[in-house]
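Asker: sharing a model that was predicted from the sequence below.
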Amino acid sequence: MWADALLALRLFADDPHGFGGVVVRAGPGPVRDAWLERLRSALGPGRAICRMPPGIADDALLGGLDLPATLAAGRPVRQAGLLARAEGGVIVVPMAERLEPATAARLAAALDTGRAGPGGTPARFGLVLLDEGQGDEGVPTALADRLAFRIALDNIPPHLAAAPDPDLSVAEPGAAAGEDPVATLCALADAFGIASPRASILALRVARALAPEDAGRAILNAARLVLAPRAERLPEAAPPPEPPQEGEAQQPSPADDGSDLPATPEDQVLDAVRAAIPPHLLDALLAGGPRRSEAKAGRGGKPEAVSRTGRPVGSRPGDPRRHRLDLLATLRAAAPWQGLRRSADPAGAAQGGLRIRRDDLRIRRLRRRVETTTVFCVDASGSAARERLAEAKGAVESLLAEAYIRRDRVALVAFRGRGADLVLPPTRSLTRAKRGLAGLPGGGGTPLAAGLDAALSVAATVRRGGGNPVVVVLTDGRANVARSGEGGRARAGDEALQAARAIRQAGLPVLVVDTGARGGGARTLAEAMAARYLALPRSDGSAIGAAAKALR
Amino acid sequence: MPPFPFSAIVGQDEMRQALLIAAVDPTIGGVLVFGDRGTGKSTAIRALAALLPPMAAVAGCPYNCDPASPADLCPHCAQGGPRKSQKKPVPVVDLPLGATEDRVVGTLDLERALGAGVKAFEPGLLARANRGFLYIDEVNLLEDHLVDLLLDVAASGINTVEREGLSLRHPARFVLVGSGNPEEGELRPQLLDRFGLACEVATPKDIATRIAVVRARDAYERDPEGFCATHAKDDAATRKRIEAARKRLPGVSVPDDALEQAARLCLALGTDGLRGELTLMRTARALAALDGAGRVTNDHLLRIAPAALRHRLRRNPLDESGSTARVERALAEVFS
């Protein structure tokens, strides 16, 4: 493992931009420091290593106006961005697992084009992403896809990193000269379920760098370095992997296990790559866990922590390049000093104009209140006793009465008979809610799946609008009408669970209030939704309301 | 390094066809490309722009105005003065995720406001994209209000700025190309509907195509100039095809029976509103022009219908099959 990390380092230092970069998955520690120190010396004095501060602003990244210098000089002073300064060198990104999607997108674009910023300044750099993530956390996939190497340093003993470099000979016994490296690498990528063609392209680049005269001779190393850490699945009909031995040379295993088929060169490569898959990844693959649908998705869609839209709530000193400038407040801040500043600078006095300094700049503070919308999903069927409906109405009204003060909203979906209805679209109007609820009929079958679908769709709309939806389901969980409107307990139950899992995937906070006397179905449903469960065989509206409030 | 040649792109026929149509008729309303990573979406767009003939633009105009068009719309050219013509490559502007509204629409020129006390407008990305392409990667992760704004400008061709005491309008006609991975978030149906064409791209499933992709990329990286030279002839042919199609487009007729078929198709699919039919007709005309045909035939409708309609279908939770399959089913019914 350490040898591979060093081999990746050597290749990367030779051509940082060509290989894109290295994802270094490791906590801070001596091994990571040793690796970075070696990178620094391999790059030499001519090529810069820049460290990217977390939460870097666009101007600092891409280049732009140097505001303090501009104000001091009274004329525009431009500064080069970090990307342009790193031209020919390397950018180290600490805590890359927390990289904002916007910054990741800019880095990816600069990697693709070799240029940065509005002026298109040359910026051919390589990236070192220090990934300190745990478990499923990781660097943005769009960016990682463009980097050739991924190394994990957490399991490497520090004494190994402190020792002098081992021999990094890349000779590959058994590698067939003249074989088509492109075909082999593509077949390998396919066998390991690697979808992005970039992986094969990068692996080919590595093979060419290792063996310029015949890339076929370095296939094994290239596949081990580039393809193994990206494996999405294990190839079928392969022997169980042996843990890779530190420092063990890649020997073609002698066919002493009595197998009647001699291993083809392709199989050898397959096995070698398999053996090089990092242990934590291997465990996940063996467990068959999904690796693709990580919750990373949608992170970019989450509302930003620092609001750039919303209601202005005054102004404060700050950097107008990252927020909206409050022009009036800036002028107000600068006005009292004009006389003084003018007399302090008699040379420029004739020029007129305002003397504005950095301290005068004011930015608008915006606040976007995230309002909570409670979506009630109420079972209005015959199996749910009539009085349940009355309780639900009571809960909605008690919530609304309070919501009126908090400016929160409430919506109500009722399902009965053959489908679900949005009885009350998200509202904070008590009058409207009362009117809508008064006419709510009860009785009929229980189309639970349709009800959950409708609740999810309302919640998704709320979330898209920047709100914070919570769902409260009141049911006994005994579905007997399928989405199609037809009866049938088995199918209806399956569909209800399916709908429940969709809600779970959406990551909504859910409360299931079991209105059934015996329980059972509703509890299973709650588990499928990862919901809080509240059994209320005899309850009142205010208790439901209190439980719903706890969800927020 | 010259950009990767358009004619060397392996596969992705539907996306290439959609981009060519947008190049012939920029008014179709943009192209949405949904699919996996690393499938050459941005490569294709850059390649297409590089292939297009350079355009004549007023020298020094930040909005790339056409010297032949009236100047009254553009705040720069309307000031009078010489309108010297200059050849410029067709711009491709990247709109990065997390771009602020200021950068997109333009804002008060802080430099000049603070330095010289002048109220001046600093043009944004929309100005730079005028007469070219605006490419948004991960459009589905873009904030809704920005997407709204972009689609509005793309439809009207004019960017109206009312902010920070500035009040102006400038031309902003561009082909909006959005791409994204649907697994990471969906676009609002209202927004989907406003894109002209929607294509799905996928990583090639068979090894032979994948090998061809890697081989082409490898050949390009090892010798960019040589690789482009070998494809220069094909690229020139495509350029001629686009230029000829642009000339032919106004004369392409749409017979009544084609209109009727389009209407029946949209009815069968239950698309909302008339936008589906309009786009279907427009894109079919552009396709006919690319083919060198004088009139739209059923064949053109058949070829373009999936891309023109698949994003306009109403969600149907009972139908598990994908939208492409539904369009194809309707096509088979209507054209049987």
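Answerer: Alright, I've got the coordinates. Numbers count the residues shown, from 1 in each chain, chains lettered A, B, ... in the order given.
Asker: count the neighbours of the closest residue to B:M1 other than its chain neighbours for me.
Answerer: Sequence neighbours aside, B:P224 is the residue nearest to B:M1 in space, at 4.9 Å (criterion: CB to CB, 6 or more residues apart in numbering or on different chains). All C-beta spots, glycine's among them, are computed from the backbone N, C-alpha and C. The tally of other residues near B:P224 (other CB atoms under 10 Å in any protein chain shown) stands at 15.
Asker: any idea of the pLDDT on B:P224?
Answerer: pLDDT for B:P224: 90.
Asker: for the one 10 residues further on, same thing?
Answerer: As summarised for this prediction, B:D234 has a pLDDT of 92.
Asker: and if you look at the one 5 residues further on?
Answerer: At B:R239 the predicted local confidence, pLDDT, stands at 92.
Asker: quick check, it in contact with B:L52.
Answerer: Yes - contact criterion CB atoms under 8 Å: B:R239 and B:L52 qualify, at 6.9 Å.
Asker: ok, the residue nearest to B:M1 to A:T374 distance?
Answerer: The gap separating B:P224 from A:T374 is 59 Å, by CB to CB, to the nearest Å.
Asker: next one: A:G477
Answerer: For A:G477 relative to A:T374 (CB to CB), the value is 20 Å.
Asker: quick one, which of these two is more surrounded?
Answerer: Per other CB under 10 Å, whichever of A:G477 and A:T374 has more neighbours is A:T374, with 29 against 25.
Asker: so the more buried one sits against A:L424, correct?
Answerer: No - contact criterion CB under 8 Å: A:T374 and A:L424 do not qualify, at 10.8 Å.
Asker: show me the common contact partners of these two, please.
Answerer: With contacts taken as CB atoms under 8 Å, 6 or more residues apart in numbering or on different chains, A:T374 and A:L424 have A:V410, A:A411 as neighbours in common.
Asker: so, low pLDDT: which residues of the stretch 1-150 of chain A?
Answerer: A:65-76, A:118-119, A:135-136 (pLDDT under 70).
Asker: can you show me the strands along it?
Answerer: A:21-25, A:49-51, A:63-65, A:78-80, A:90-93, A:115-116, A:121-122, A:126-131, A:149-152 (DSSP state E, counting those that start in this stretch).
Asker: those: which one's closest to chain B?
Answerer: In terms of CB to the nearest CB, the element of these nearest to chain B is strand A:63-65, at 5.9 Å.
Asker: I'd like the strands of the stretch 1-150 of chain A as a markdown table, with mean neighbour count appended.
Answerer: Listed next are the strands of the stretch 1-150 of chain A as a markdown table, based on neighbours: other CB atoms under 10 Å in any protein chain shown:
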| stretch | mean neighbour count |
| --- | --- |
| strand A:21-25 | 26 |
| strand A:49-51 | 15 |
| strand A:63-65 | 20 |
| strand A:78-80 | 17 |
| strand A:90-93 | 24 |
| strand A:115-116 | 22 |
| strand A:121-122 | 15 |
| strand A:126-131 | 26 |
| strand A:149-152 | 23 |
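Asker: what's the domain layout of the chain?
Answerer: You didn't say which chain, so I picked chain A. Per automatic domain parsing, the domain ranges recorded for chain A read A:2-168, A:172-244+A:263-293, A:313-367, A:372-551.
Asker: wrong chain, I was asking about chain B
Answerer: B:6-52+B:90-201, B:250-334.
Asker: chain A contacts on the stretch 201-336 of chain B?
Answerer: The stretch 201-336 of chain B has residues B:203-204, B:207, B:210-211, B:213-215, B:217-218, B:221, B:317-318 near chain A, with proximity defined as CB under 8 Å from any CB of the partner chain.
Asker: A:A86: which of those is nearest?
Answerer: Proximity of those to A:A86 (CB to CB) peaks at B:E221, which lies at 21.5 Å.
Asker: that's a helix at the closest one, yeah?
Answerer: Yes - using DSSP: H, G, I helix; E, B strand; the rest coil, the assignment for B:E221 is a helix.
Asker: thinking it is in contact with A:A209, fair?
Answerer: No - applying CB under 8 Å as the test, B:E221 and A:A209 come out as separate, 11.9 Å apart.
Asker: state the helix or strand in which B:L146 lies.
Answerer: Here B:L146 sits within helix B:144-156, counting by DSSP states H and E.
Asker: what helices or strands is that helix leaning on?
Answerer: When contacts are defined as 3 or more CB pairs under 8 Å, 6 or more residues apart in numbering or on different chains; DSSP states H and E, helix B:144-156 sits against helix B:101-105, strand B:132-136, strand B:174-180, helix B:189-192.
Asker: mind checking the pLDDT average for it?
Answerer: Here the average pLDDT along helix B:144-156 is 79.
Asker: next SSE downstream of that helix?
Answerer: Assigned by DSSP H and E, the successor of helix B:144-156 is strand B:158-163.
Asker: from the contact counts, what lies against that following strand?
Answerer: helix B:101-105, strand B:106-108, strand B:166-171.
Asker: what's next to the shortest one, contact-wise?
Answerer: It stands for strand B:106-108. Contacts of strand B:106-108 (CB under 8 Å, 6+ apart): A:325, A:327, B:119-124, B:126-127, B:159, B:161, B:163-166.
Asker: cool, and the first one?
Answerer: Residues external to helix B:101-105 that are found in contact with it (CB under 8 Å, 6+ apart): A:58, A:308, A:324, B:95, B:124-126, B:145-146, B:149-150, B:159, B:161, B:163.
Asker: stretch B:73-85 too?
Answerer: Residues outside stretch B:73-85 that contact it (CB under 8 Å, 6+ apart): B:56-63, B:65, B:67, B:71-72, B:121, B:158, B:168-171.
Asker: now do 10 Å
Answerer: Identification of contacts with stretch B:73-85 by CB atoms under 10 Å, 6 or more residues apart in numbering or on different chains yields B:56-72, B:121, B:123, B:127, B:130, B:157-158, B:161, B:168-171.
Asker: low-confidence ranges, chain B, go.
Answerer: B:70-72, B:81, B:97-98, B:110-111, B:113-117, B:144, B:164, B:182-186, B:188-190, B:314-322.
Asker: please enumerate the strands of it.
Answerer: B:31-35, B:55-58, B:85-88, B:92-95, B:106-108, B:121-123, B:132-136, B:158-163, B:166-171, B:174-180, B:197-201 (DSSP state E).
Asker: over to the stretch 401-550 of chain A?
Answerer: Counting by DSSP E, counting those that start in this stretch, the strands of the stretch 401-550 of chain A are A:409-416, A:419-427, A:468-475, A:510-514, A:532-535.
Asker: circling back: out of the contacts of strand B:106-108, which end up buried?
Answerer: Buried by 16 or more other CB atoms under 10 Å in any protein chain shown: A:L325, A:L327, B:F121, B:E122, B:P123, B:G124, B:L126, B:A127, B:N159, B:V161, B:E164, out of the contacts of strand B:106-108.
Asker: how about those in TSV, adding distance to B:L313?
Answerer: Converted to TSV, those look like this (distance: CB to CB, whole Å):
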residue	distance to B:L313
A:L325	44
A:L327	47
B:F121	41
B:E122	42
B:P123	38
B:G124	34
B:L126	30
B:A127	35
B:N159	31
B:V161	36
B:E164	42
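Asker: which of these sits closest to B:Q12?
Answerer: Of the buried ones among the contacts of strand B:106-108, the one sitting nearest to B:Q12 (CB to CB) turns out to be B:L126, at 27.7 Å.
Asker: for that closest one, give me its contacts.
Answerer: Contacts of B:L126 by CB under 10 Å, 6+ apart are B:63, B:93, B:95, B:103-106, B:134, B:149-150, B:153-154, B:158-159, B:161, B:170-174.
Asker: and the contacts of helix B:101-105 as a markdown table, adding distance to A:L361?
Answerer: Formatted as a markdown table, those follow (distance: CB to CB, whole Å):
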| residue | distance to A:L361 |
| --- | --- |
| A:D58 | 17 |
| A:R308 | 17 |
| A:R324 | 11 |
| B:L95 | 27 |
| B:G124 | 21 |
| B:L125 | 24 |
| B:L126 | 26 |
| B:H145 | 25 |
| B:L146 | 25 |
| B:L149 | 26 |
| B:L150 | 29 |
| B:N159 | 27 |
| B:V161 | 22 |
| B:R163 | 18 |
